[in-house]
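Asks: Predicted model and sequence follow; I will ask about them next.
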Amino acid sequence: MVGTTLLDIRRHVDGLAAPEGPYAVVCGRTGCEPSPVSGLRFGERDTAAEAADAATEYRATLRQYDPQVPFYEPLVHDVANGPNGVATAADADTRLRYLSFCHDVAGATLEAFSEVGLREVESAAMETYLTLAEVVADRDDFCLTMLWSLTSELAARTDRAEQVPVVEVAAASLRCADGRASLRPEEGIRAAIESLETVGFVGSGTVTPAADGDGWTVTLGDYALAERTGRLPTLPLSIAIARRLPETTFRFASATPLGDRRWQLTVETGGQPGGLASVDATDDERLYEPGSEY
């Protein structure tokens with residue numbers, strides 16, 4: 001054991017990494033670089049092997065809560081002469097992409113709770129998850145239930161100022177290659193929505209300039225966390241955008257249900273961040289129209 005929490009293991013792995021190192025940790029079966037070693041390089045084969053063991057421990061820790069956490073076979077891979085088979089979860093099958101995304105975001109959020117000292121929120125979220133998991137019929141829904149529990153308790157128990165560092169820490173730990181300050185806001189938002197489509201968390205998404213010229217209108221179809229409760233959980237969206245726009249403040253200004261499992265969000269940049277965990281729905285009568293599905 002290198003630590004007792006996901007954050008302990010992440011810190012241990014980060015301490016082993018060498019940015020220009022010739023070794024990566026790759027699943028021998030899928031070719032993916034699993035979290036928490038995704039994107040990291042190591043200077044020595046023995047160090048990479050230690051990181052591989054830590055990755056196994058990290059995923060075993062998550063698996064205590066959700067037995068559907070994907071199994072990987074982390075092996076040391078020499079990437080000095082090119083990637084040669086190194087892939088990401090986006091290259092895997094649809095189910096694996098979806099499960100990997102949910103578990104990576106859940107793990108990063110739990111790490112962030114520990115990092116910023118929100119132990120009460122962390123405990124409440126896990127209690128909520130364990131209660132709900134007892135009635136979940138489809139085992140593949142455990143990961144979504146975990147994400148919902150984390151998002152719901154963060155929204156209920158914290159204010160905007162406390163939510164900002166959670167999103168920042170979680171986004172940083174996921175190390176997106178597109179997280180460059182040179183990305184324009186629309187590019188970052190569009191890349192975030194496209195990534196959610198790729199992993200199956202969103203069925204379809206569009207990003208267009210808002211009619212009043214203030215921000216962007218994001219339309220989501222078949223969003224996995226869509227509720228019929230008058231609010232839209234937004235934490236996975238927030239983390240996806242923050243990964244790509246690490247130096248840009250943003251907020252979800254409004255959320256409107258459109259019917260047929262579709263939502264419309266207004267995203268604005270600059271000013272005070274907001275709506276990072278959830279947004280109350282406007283014009284929510286459509287949530288309760290006959291035949292409307294959410």
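Replies: Perfect, I can see it now.
Asks: and the gap between the closest residue to L220 other than its chain neighbours and T219?
Replies: Counting by C-beta to C-beta, 6 or more residues apart in numbering, W263 is the residue found nearest to L220 once chain neighbours are left out, at 4.9 Å. (C-beta placed from N, C-alpha, C; glycine too.) Applying C-beta to C-beta, to the nearest Å, one obtains 7 Å for the distance of W263 from T219.
Asks: Now list whatever residues contact both of those two.
Replies: With contacts taken as C-beta atoms under 8 Å, 6 or more residues apart in numbering, W263 and T219 have no neighbour in common.
Asks: Which of the two has more residues huddled nearby?
Replies: W263 (24 against 18; other C-beta atoms under 10 Å).
Asks: Listing partners with orientation, what would you give for the helix or strand encompassing the more buried one?
Replies: Assessed by DSSP states H and E, W263 sits inside strand 262-269. Using DSSP bridges, the strands paired with strand 262-269 in its sheet are strand 216-221 (antiparallel), strand 250-259 (antiparallel).
Asks: Where among those strands is average confidence lowest?
Replies: Mean pLDDT is lowest for strand 250-259 out of the strands paired with strand 262-269, coming in at a mean of 92.
Asks: what about the closest residue to Y129 other than its chain neighbours, which helix or strand?
Replies: In this structure, Y129 finds its nearest non-sequential neighbour in S149, 3.8 Å apart by C-beta to C-beta, 6+ apart. For S149, the host element (DSSP H and E) is helix 142-157.
Asks: Ok, Y72 next?
Replies: Using DSSP H and E, Y72 sits in no helix or strand.
Asks: give the contact list for it.
Replies: C27, R29, T30, C32, P34, A55, T56, R59.
Asks: and with 10 Å instead?
Replies: 25-30, 32-35, 37, 52, 55-56, 59, 89, 96, 100 (C-beta atoms under 10 Å, 6 or more residues apart in numbering).
Asks: do D46 as well
Replies: L16, Y23, V76.
Asks: swap in E268?
Replies: 185, 210, 214-216, 249-254, 274-275.
Asks: Would you check how far apart it and T248 are?
Replies: 11 Å.
Asks: between these two, what contacts are shared?
Replies: P185.
Asks: for the stretch 1-150 of the chain, what spans make up the strands?
Replies: Assigned by DSSP state E, counting those that start in this stretch, the stretch 1-150 of the chain shows strands spanning 23-27, 74-78.
Asks: which of those strands sits most buried?
Replies: strand 23-27 (a mean of 25; mean count of other C-beta atoms under 10 Å).
Asks: For the closest residue to A18 other than its chain neighbours, the count of nearby residues, please.
Replies: Closest residue to A18 apart from its sequence neighbours, by C-beta to C-beta, 6+ apart: G43 at 3.7 Å. Look at G43: counted by other C-beta under 10 Å, it has 15 neighbours.
Asks: can you pull the pLDDT of T229?
Replies: Per the predicted model, pLDDT is 76 at T229.
Asks: picking that back up, show me what the helix holding S149 is packed against.
Replies: Where contact means 3 or more C-beta pairs under 10 Å, 6 or more residues apart in numbering; DSSP states H and E, helix 142-157 is packed against helix 94-116, helix 119-133, helix 160-174, strand 231-233, helix 235-244, strand 278-280.
Asks: No further queries at this time; thank you.
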